[in-house]
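*Asks:* sequence plus the predicted model coming up.
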Amino acid sequence: MAKRRDRNFLGPAGTSLGLGEFWALTAAGFVLFFAVWGGVAASGWLPPNLLPSPLAVWDTLVRLWNQPFAGHVYAEHLSASIQRFLMGWAIAVGIGVPLGLLMGWYRLLDEIVTPLFDAMRFVAPLAWVPLAALWFGTGIGGPLLIIFVGSFAPCVISAYRGARLVETRLVEAAQTLGASSRQVMLHVLIPGALPSIIAGLRVSAGLGWQSLVGSELIVVGAGLGYLMVQGQGNLNTTVVIAGMVGIGVVGFAIDVLLRAVEAAFKRKWGQA
Amino acid sequence: MPTEARSSGWGFAVPRRAVVGLATVGGALLLWWLATSGLRLLNPLRLPSPQEVWAAFSQISTGQGYGGATLWQHALHSLWLVAKGFAVAVATGIPLGLLMGWSRRAEALINPIFLLLRPIPALAWIPLAIVWFGLGDTGKVFVIWLTAFVPSVINAFTGVRGVDPVLIAAARTQGASTAQVIRHVVVPGAMPMIFTGLRLSLQASWTTLVAAELVGAFFGLGRVLNVAGQDIFPGMILVGMAAVAACGAATTWLLGRAERRVVNWRPAV
Amino acid sequence: MSEIVFEGVTRRFPLPRGGEFLAIDRIDLRIEEREFVAIVGPSGCGKTTLMRMAAGLDFPTDGRVLVGGKEVTGPGPERAVVFQQFALLPWKTVRENIGFGLMCKRTPKAEADAAIARYVELMGLSGHEDSFPHQLSGGMQQRVAIARAYVMQPAALLMDEPFGALDAQTRIVMQEELVRLARRNPRTVIFITHAVDEAIYLADRVVVMGRNPGRIIETIDIRPLREDGGWEAMPIEEVMDTPAFTHMRSRIWKLLKAREQERPAAPAPIPATVPAK
Ligand SMILES: Nc1ncnc2c1ncn2[C@@H]1O[C@H](COP(=O)(O)OP(=O)(O)OP(=O)(O)O)[C@@H](O)[C@H]1O
Ligand SMILES: [Mg+2]
């Protein structure tokens, strides 16, 4: 009966994998990753201080958890990074979202801010590092500015888009029902813009976390990035990779969390 | 967006947006000059005046330059690194993404590796890159490759999945082989999405490069920023930032031209 | 050697929540060589599914589909398909779209160019050879799709609501053009449509389908009417005014309506074969 010449005869859209095959391949993918890493590490082609085995990284993680490295234990580095990120990101969201909404509603503000925004758009966030250090020092202020610069743009853009997307029809409908301008804002404009804003928050959190990593490589005295730089200075690759693991885990957690928020909002308002 | 024009009095219309935009930028520049030089409200070690920036620009553009080379040499060096890393990422990432998009088996097998590596930003690879490759160019090309690789794969993948199955069916009824379907239907269909990914990763590549050069480099715009920061030379810092922006804008413009050439079949937006 | 035969064809689709949906139930149909058969029926009765099985894009769960005596194992250039959604490649020009099948067959360039030029001319597309599909009107896009099918010199043509997306005027022009083409070089044709008028005007036989499950209600031979009424010589609007035509039309309408009343539509099985767009 099966007559298609190959499974992708009509492209991937028509095909599907059996559940068994899917999980077998996925498991194989995981195994392959660690096998190649462990295999290369064990083969002795590379000196172990260039590529430690997965197990060595795990041991180091456990050790860093209990013993201070670069002045602090792992959990302290972790929380330093997370706190810094949360502060910078909160500032970016707190300024960026209202600014974007206002730009969406008031044309003059849009016309004033957009050219400035465009002029700054191509300055890579990390290029702010020297100026940030000059203005706010390398303690807490400097990195905050970098995180802010890294995550600000998507906040503004998504709020602006969201405000623009709310149909004038809805606003007019609310007005004919007797809503005051404050009520229109509260019940029509902000909820209408929310899906776009939340999608933008996810992007901006990802970029903010990246910028945090970058800033910590350069200007800070604690945090995961700093841990890695110290590890690199001692040519201690296991510490570097242990730092990367932490950064990956937190980045992943941020993404999952915001995706869940996004999904919850979509469910509530039935928006695709 | 409504861009009604107002009569300029010279017999041609000027869009309102342009008027306000020019006024804003002009006003900002004036404010900058007043605050730093005109009224001396700000400490010049915090924010340099336009004249100081111009002086820094003249210094780095001529003769010995600054940080070991002239601005053009630094900029060319950075551009070259971005071009190399980006090219390698495109050459490796797009085929992989196409493969994962076309074959659900390949997707299931390769996806776990992405799940493990994707949450780690390319910037976090910089220390490892330095241990592996030192402070030279190889490590920088490596991290730029990492930066641009992931979006290339993901967007090529998404692009393939977005191709209308009816188009594939139509090509098949015309007698197209699998290779012909991929070449004439799948790849062109995925192109717009691929370019979207390239635009994102190009911006990210500049961020990565600047970070890598700030951490340690012998040449490049990040090196300029680094030296200027250590010298507490605010004018030069601004020159460095402007140069990074100019390079980013120039490469984005080039990419946009390439996109319009390749994706020439879509209605203009 | 291109008669199309459905032998006890049944098609079930697995439902997302388990179980199966019976889309087509034991259909027997024979379409003779060079016969023009129109299929009418309500939305969701399995017209597209039937055509996809003749095209070799889908396969029966039970039964067989034979073309020219051989079981269908996949698409082939001897059976050209005109899709409900045109399905032109947006990144290829009119010329390249029409020539796509020839290119796949590695037809020598001179020969291919001549064939393309002929159909561009025939379908009134001159001057638009280098346009992209988005630059054409719906009617022109559909003409490209038909030219793309004809240029392959197929033995059989499978058309799925080819005029569904056109406005009334364009539609009439296209119907007359299709009749002209069909007279000039007759093919075995399956022509799917919602429009009863169109089916009667174009076809040798009209197959009326019903749904839940999809099956054939009746097959009506139009040829006697056409020959007795001398339709070939008349313009379409006059044909549609003849008593024979209106009578046939109401007969088919009644068939469709009776079935719908007798068996109210089951809860709509939604997912279509291919997402529109
Ligand atoms: N791939 C599929 N998976 C599940 N169900 C399908 C699939 N393809 C078609 N069906 C179902 O089979 C039935 C017949 O579909 P088909 O597209 O053939 O209808 P149709 O007669 O062409 O309708 P229309 O006139 O609207 O085009 C529909 O109820 C549809 O939901
Ligand atoms: Mg259909």
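*Replies:* Received it, and whenever you're ready, just let me know what you need. Ligands and ions are numbered 1, 2, ... in the order given.
*Asks:* three-state assignment of C:P162?
*Replies:* coil (DSSP: H, G, I helix; E, B strand; the rest coil).
*Asks:* residues of the stretch 51-200 of chain B that sit close to chain C?
*Replies:* B:164-167, B:169-177, B:180, B:184-185, B:188-189, B:191 (C-beta under 8 Å from any C-beta of the partner chain). Just so you know, the C-beta spots here come from the backbone N, C-alpha and C atoms, and that holds for glycine as well.
*Asks:* filter the residues you listed to the buried ones?
*Replies:* B:164-167, B:169-176, B:180, B:184-185, B:188-189, B:191 (16 or more other C-beta atoms under 10 Å in any protein chain shown).
*Asks:* among these, which are in reach of chain A?
*Replies:* Near chain A, by the rule C-beta under 8 Å from any C-beta, you find B:165, B:169, B:172 out of those.
*Asks:* next step: the residues you listed restricted to helices.
*Replies:* Judged by DSSP state H, these include B:165, B:169, B:172 as members of helices.
*Asks:* so when I look at C:P90, I'm seeing a helix, right?
*Replies:* No - under three-state DSSP, C:P90 falls outside any helix and is assigned coil.
*Asks:* that one and C:V65: what is the separation?
*Replies:* 31 Å (C-beta to C-beta, to the nearest Å).
*Asks:* where's B:A245, which helix or strand?
*Replies:* helix B:234-262 (DSSP states H and E).
*Asks:* just checking that helix against chain C, any contact.
*Replies:* No - judged by C-beta under 8 Å from any C-beta, helix B:234-262 stays clear of chain C, getting no closer than 9.4 Å.
*Asks:* quick check: mean pLDDT across that helix?
*Replies:* Over the span of helix B:234-262, the pLDDT mean works out to 94.
*Asks:* show me what that helix is packed up against.
*Replies:* Applying 3 or more C-beta pairs under 8 Å, 6 or more residues apart in numbering or on different chains; DSSP states H and E, one finds that helix B:234-262 makes contact with helix A:129-136, helix B:50-61, helix B:71-102, helix B:187-215, helix B:221-230.
*Asks:* ok, which of these comes nearest C:P16?
*Replies:* helix B:71-102 (22.6 Å; C-beta to C-beta).
*Asks:* OK, contacts around C:V72?
*Replies:* Listed by C-beta atoms under 8 Å, 6 or more residues apart in numbering or on different chains, the contact set of C:V72 reads A:3, C:53-56, C:59, C:65-66.
*Asks:* find the nearest non-adjacent residue to the closest residue to chain C within the stretch 1-150 of chain B, please.
*Replies:* When scored by C-beta to the nearest C-beta, the stretch 1-150 of chain B has B:L98 as its residue closest to chain C, at 15.7 Å. Nearest residue to B:L98 in three dimensions, chain neighbours excluded: B:A156, at 5.2 Å (C-beta to C-beta, 6 or more residues apart in numbering or on different chains).
*Asks:* what number of residues lie near the one you found?
*Replies:* 29 (other C-beta atoms under 10 Å in any protein chain shown).
*Asks:* tell me the secondary structure at it.
*Replies:* Put simply, B:A156 is helix when judged by three-state DSSP.
*Asks:* list the residues that contact it.
*Replies:* Per C-beta under 8 Å, 6+ apart, neighbours of B:A156: B:93-98, B:100-101, B:190, B:193-194, B:197.
*Asks:* how many residues are close by B:E213?
*Replies:* As a measure of burial, B:E213 has 28 neighbours, counting by other C-beta under 10 Å.
*Asks:* swap in A:F252?
*Replies:* The burial count for A:F252: 15, using other C-beta under 10 Å.
*Asks:* ok, and the closest non-adjacent residue to it?
*Replies:* Of all residues not flanking A:F252 in the chain, B:P119 sits nearest, at 3.9 Å (C-beta to C-beta, 6+ apart).
*Asks:* same question for C:E198.
*Replies:* Per C-beta to C-beta, 6+ apart, closest to C:E198 is C:Q175, 6.1 Å.
*Asks:* separation between the one you found and ligand 1?
*Replies:* From C:Q175 across to ligand 1, the span is 18 Å (C-beta to the nearest ligand atom, to the nearest Å).
*Asks:* list the contacts of residue 172.
*Replies:* As the question left the chain open, I've gone with chain A. A:E172 makes no contacts at all, as judged by C-beta under 8 Å, 6+ apart.
*Asks:* switch to chain C, that's the one I care about
*Replies:* C:I172 sits next to C:236-237 when contact means C-beta under 8 Å, 6+ apart.
*Asks:* need the per-residue pLDDT for the one residue in the stretch 151-269 of chain B that gets nearest to chain A.
*Replies:* Nearest residue of the stretch 151-269 of chain B to chain A: B:G229, at 3.1 Å (C-beta to the nearest C-beta). pLDDT recorded at B:G229 is 90.
*Asks:* what's the nearest residue to it if we skip its chain neighbours?
*Replies:* Using C-beta to C-beta, 6+ apart, the nearest residue to B:G229 is A:P130, at 3.1 Å.
*Asks:* wait, that neighbour touches B:R223, no?
*Replies:* No - contact status for A:P130 versus B:R223: not in contact, 11.3 Å apart, counting by C-beta atoms under 8 Å.
*Asks:* with neighbour numbers in mind, choose between the two.
*Replies:* A:P130 (30 against 23).
*Asks:* what's the spacing between the more buried one and B:I194?
*Replies:* 35 Å.
*Asks:* same check, this time on C:L202
*Replies:* 43 Å.
*Asks:* quick one on the thing from earlier: who are the contact partners of the residue nearest to B:G229?
*Replies:* With C-beta under 8 Å, 6+ apart, A:P130 has these contacts: B:214, B:225-226, B:228-229, B:237, B:240.
*Asks:* do you know how far the residue in chain A positioned nearest to chain B is from B:P234?
*Replies:* Using C-beta to the nearest C-beta, the single residue of chain A nearest to chain B is A:P130, 3.1 Å away. The spacing between A:P130 and B:P234, counted by C-beta to C-beta, is 9 Å.
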